[in-house]
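Visitor: structure, please.
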Amino acid sequence: MPFPVRTLRATAMAVLVAVSLAGCGDDNNSPPATPPAPTGLTATVADDGSSIAVSWAAVTGATSYTLERADASSPGSFTAVGGTLTTPNYTDAAIAPGASYSYHVAAVNGNGTGTFSSTVNATVAGAKVATLTGNITADVTLHADTTYT
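Guide: Numbering: from 1, shown residues only. Okay, the predicted model is just below:
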C-alpha cells in the first residue's frame, strides 16, 4: 500500500525533529563551577596589637567567603572565623599577645565553596615588660600596655 506523499513528508519531518531534539542536550558534562580562590590575601596586626585586619581581593560571582585561621600551636589545623562573610575583609580581635596566626580564605557561590587561597601569617607582638628598680623619687608614667615588675 503506497503512502501518500503528504504523509511521507510529515513522517520524515517528525523523524528529523525527533532526532534533532534527541541530539540536543548539555554537551558540557562538567559540574557547575565554584568560584576561584581569592587572591591578594593580607593579614596586618594593628599598631596596638589588639586585632589583625585580614583582607583579600573580591571574587566575581562570590556570594560570601569562608575565612579560616590556625594558630602556631597547631599550624595545619584551620577553623572558621567570622561566620559567613559577605565582604572581602575581616577584623580578628580574638587574638593573644605573642601568638602567631595563619589565615586562608575561600569564595562561595550557589554551586559551593571554591578552593582556598594561599596562606598568610601574622604574629602579634608579646606583652611589653619593664622592671622598676631603685627608689622612685619623682613622677613616673606607667603605660597600660606594659607589665611592670
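Visitor: now do Ala122, the pLDDT please.
Guide: What the model reports as pLDDT for Ala122 is 96.
Visitor: let's verify it: helix, strand, or coil?
Guide: strand (DSSP: H, G, I helix; E, B strand; the rest coil).
Visitor: skipping adjacent residues, who's closest to it in space?
Guide: Ala43 (3.9 Å; CB to CB, 6 or more residues apart in numbering). Using the backbone N, CA and C atoms, a C-beta is placed for each residue, glycine as well.
Visitor: now do the SS call for the closest residue to Asn111 other than its chain neighbours.
Guide: Counting by CB to CB, 6+ apart, Asn111 lies nearest to Pro32, which is 4.1 Å off, once chain neighbours are set aside. Following three-state DSSP, Pro32 is assigned to coil.
Visitor: next one: the one residue sitting closest to the centre of the chain from Leu132, what distance?
Guide: What sits nearest the mean C-alpha location of the chain, by CA atoms, centre = their mean, is Val105, with 2.4 Å. Distance of Val105 to Leu132, given as CB to CB, to the nearest Å: 44 Å.
Visitor: repeat that for Ala53.
Guide: From Ala53 to Leu132 the distance is 34 Å (CB to CB).
Visitor: in terms of neighbours, single out the busier of those two.
Guide: Ala53 (14 against 9; other CB atoms under 10 Å).
Visitor: per-residue confidence for Ala70?
Guide: pLDDT, Ala70: 97.
Visitor: format the CA atom coordinates belonging to the helix or strand hosting it as CSV.
Guide: Using DSSP states H and E, Ala70 sits within strand 64-71. Extracted C-alpha coordinates of strand 64-71, given in CSV (Å, rounded to 0.1, in the frame of the first residue of the first chain):
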residue,chain,number,x,y,z
SER,A,64,30.1,35.1,50.5
TYR,A,65,33.5,34.0,51.9
THR,A,66,34.8,31.4,54.3
LEU,A,67,37.8,32.6,56.3
GLU,A,68,39.8,30.1,58.4
ARG,A,69,42.6,30.6,61.0
ALA,A,70,45.2,28.3,62.5
ASP,A,71,47.5,29.2,65.4
